[in-house]
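**Student:** coordinates only, sequence not included:
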């Protein structure tokens, strides 16, 4: 068997399911908007909700959570599992036209001084292409070749 193929984890490496408890000040909030603020140590995610009564494109931010980078990786996996399972049961979740701005079409000149800028730009471009391919309803201009 090829050692590069996915192997089930060893039983001694499985993390036990935590006994979840909620702190006294636990709150649940709704968010339909999120922005990220990366640092060397962690990723801060600021949540809010679009509120058209506050003006065009108004977002009322209400909560920020900072996550260490290993937790970000874990969260990406868990969110993908949930989305894939939901879509398997309920069908494709449509993404709205104009719901996400595309990345810049080329690497800005001022960014080229950073050693890994081109590598990062290529990674972003690849992720964008995958996102567009997975959500064609959100990008009708891509179908028309504009």
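**Tutor:** Good, I have the coordinates. Quick caveat: nothing in here was measured; it's all calculated off a predicted structure.

**Student:** where exactly do the strands run in the protein?
**Tutor:** For the chain, the strands defined by DSSP state E occupy 33-38, 42-50, 59-68.

**Student:** could I get these as CSV with mean pLDDT and mean neighbour count?
**Tutor:** C-betas here are computed from N, CA, C, even on glycine. Formatted as CSV, the strands of the chain follow (pLDDT from 0 to 100; neighbours: other Cβ atoms under 10 Å):
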stretch, mean pLDDT, mean neighbour count
strand 33-38, 96, 12
strand 42-50, 97, 16
strand 59-68, 97, 13
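
**Student:** could I get the ones you listed as CSV with distance to residue 110?
**Tutor:** Output for the strands of the chain, formatted as CSV (distance: least, Cβ to Cβ, whole Å):
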stretch, distance to residue 110
strand 33-38, 18
strand 42-50, 23
strand 59-68, 28
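
**Student:** With respect to residue 101, which of these lies nearest?
**Tutor:** Each of the strands of the chain has some distance to residue 101 by Cβ to Cβ; the shortest is strand 33-38, at 11.8 Å.

**Student:** in its sheet, what does the closest one sit against?
**Tutor:** Strand pairing for strand 33-38, using DSSP bridges, gives strand 42-50 (antiparallel).

**Student:** Show me what the strand it pairs with is in contact with.
**Tutor:** Identification of contacts with strand 42-50 by Cβ atoms under 8 Å, 6 or more residues apart in numbering yields 29-38, 57-69, 72.

**Student:** picking up where we left off before, which of the strands of the chain sits closest to residue 20?
**Tutor:** When these are ranked by proximity to residue 20 (Cβ to Cβ), strand 59-68 comes first, at 16.6 Å.

**Student:** right, so of the strands of the chain, which gets closest to residue 123?
**Tutor:** Ranking the strands of the chain by proximity to residue 123 (Cβ to Cβ) places strand 33-38 first, at 14.0 Å.

**Student:** and the angle from that closest one to strand 59-68?
**Tutor:** Using axes from the mean of the first three to the mean of the last three Cα atoms, to 10 degrees, one finds that strand 33-38 and strand 59-68 are set 40 degrees apart in direction.

**Student:** Grab the most central residue of this protein for me.
**Tutor:** Centroid check for the chain by Cα atoms, centre = their mean gives residue 76 as the closest residue, at 6.7 Å.
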